[in-house]
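> any chance you could fold what I've pasted below:
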Amino acid sequence: IENRLSDEKLLALLHEAQDAAGDGAKLTGQLLAFGRRQPLNPELVDVGGLVSGFANLLRRTLGETIELRTIVNGTSNEALVDASQLQNALLNLALNARDAMPRGGKLTIDISRVKLDVDYAQMYPHVRTGDYVLISVTDTGTGMTPEVKEKAFEPFFTTKGVGSGTGLGLSMVYGFAKQSGGNIQLYSEPGQGTSVRIFLPATQRANAGMGLQDDGSRKVAEIPGGTEKILVVEDDPRVRRVAVSRLTDFGYSIIEASNGVEALDRLAQNDDIALLFTDIVMPGGMTGDELAAEVRTRRPNIRVLFTSGYAEPAIAGRELAQSGSWLKKPYTARELAVRLRELLD
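Below you'll find the predicted structure:
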């Protein structure tokens, strides 16, 4: 009997040692990923197809109280990436989103093609211009304060309780995106939710038909401009500065404001504003859709163009914004110029 009890104790200790070794291996892998030294096996991947096929597993992970939506825009969403590591990154983001929505909510994974231009790179100097496949993972959870956002990608930083996480989930995703030749950005508002955006370089096959010459020169169609007066409302000074610069280059006359209350003051002082260009989620007690509703009451003829860092405006429950015209951040100068003329003409 003593020998049997002794064997059971040894077996229990062995299992504990194996579990500890497994945890250590996982921790080492996450640190290697953050340090961009995790071995990758990149292959040509249809990101939209991969996410769609992975959705059922994510649904089981999220539970019944969280609604998962996957949105695939277009058919040219191919990137050279390690598929298993991409799935691992998405799983980490889904787990973070689940923890941020203890009472349930919505998680949206949006896949699309984007072109990051020079203006965008000026706002974010570590970003390279070019064509990317963008994966936006957006939740309706508690969101992050500016202080938390600033440290979100740091290894071992976590807002969870002891034993609830290592603080390496977002760090691993960051390292994976960087090692894949891409980039990652975090957009979050307290009480509204969080959107993590992974940019993966699009493959040459996906670039086909983009209207570019292969001799090193680019066929660039003329960007449409105008002379109307536009009211730009954006709380981020850096983003507002770039937007104003773009619009001024297009020929427009610009009035700018940092929040909804200030925008209404500018509206009262200028009776010839033709279009309101506003962010949706802003501090100061008035959101972009609430501002638009008030502007439309005072000036019914003013056109409205929303912009949002979320995968879609409706993710924050903005029904008015959803019914209006909007641009998803990041947007290029050409996309902005074309959309403006569509509204103003």
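
> grab the longest strand from the protein for me.
The residue-count maximum for a strand in the chain (DSSP state E) belongs to strand 105-116.

> dump the residue contacts of the residue most central in space within the chain.
What sits nearest the mean C-alpha location of the chain, by CA atoms, centre = their mean, is residue 197, with 3.2 Å. Residues near residue 197 by CB atoms under 8 Å, 6 or more residues apart in numbering: 134-137, 184-187. In short, each C-beta sits where N, CA and C put it, glycine included.

> return the member of these nearest to residue 110.
Within the contacts of residue 197, proximity to residue 110 (CB to CB) peaks at residue 136, which comes in at 4.3 Å.

> ok, back up a step: return the list of helices and strands in contact with whichever helix or strand comes after the longest strand of the chain.
Later in the chain than strand 105-116, the nearest helix or strand by DSSP states H and E is helix 118-123. Packed against helix 118-123, as judged by 3 or more CB pairs under 8 Å, 6 or more residues apart in numbering; DSSP states H and E, are the following elements: helix 237-249.

> for the helix it packs on, buried residues please.
239-240, 242-244, 246-247 (16 or more other CB atoms under 10 Å).

> pLDDT of the helix or strand that it is followed by, averaged?
Using DSSP H and E, the helix or strand that directly follows helix 237-249 along the chain is strand 253-257. When pLDDT is averaged over strand 253-257, the result is 95.

> again, but for stretch 135-144
Rounded mean pLDDT across stretch 135-144 is 90.

> that one: end-to-end distance?
Stretch 135-144 has an end-to-end distance of 20 Å (CA to CA, to the nearest Å).

> oh, and call the first residue 247 from now on, that's how I've got it
Happy to do that; since the first residue is 247 now, the last one works out to stretch 381-390.

> if you rank the contacts of residue 443 by neighbours, which is first?
Highest neighbour count within those: residue 381, with 28 neighbours (other CB atoms under 10 Å).

> circling back: what pairs with the longest strand of the chain, parallel or antiparallel?
strand 312-318 (parallel), strand 376-385 (antiparallel) (DSSP bridges).

> gap between the residue nearest to the centre of the chain and residue 549?
28 Å (CB to CB, to the nearest Å).

> again, but for residue 358
Applying CB to CB to residue 358 and residue 549 gives a distance of 24 Å.

> tell me where the stretch 247-396 of the chain has helices.
Along the stretch 247-396 of the chain, counting by DSSP state H, counting those that start in this stretch, helices occupy 248-280, 293-308, 329-346, 364-369, 392-397.

> now do the contacts for residue 329.
By CB under 8 Å, 6+ apart, the contact set of residue 329 is 289, 291, 296.

> cheers, nothing more for now.
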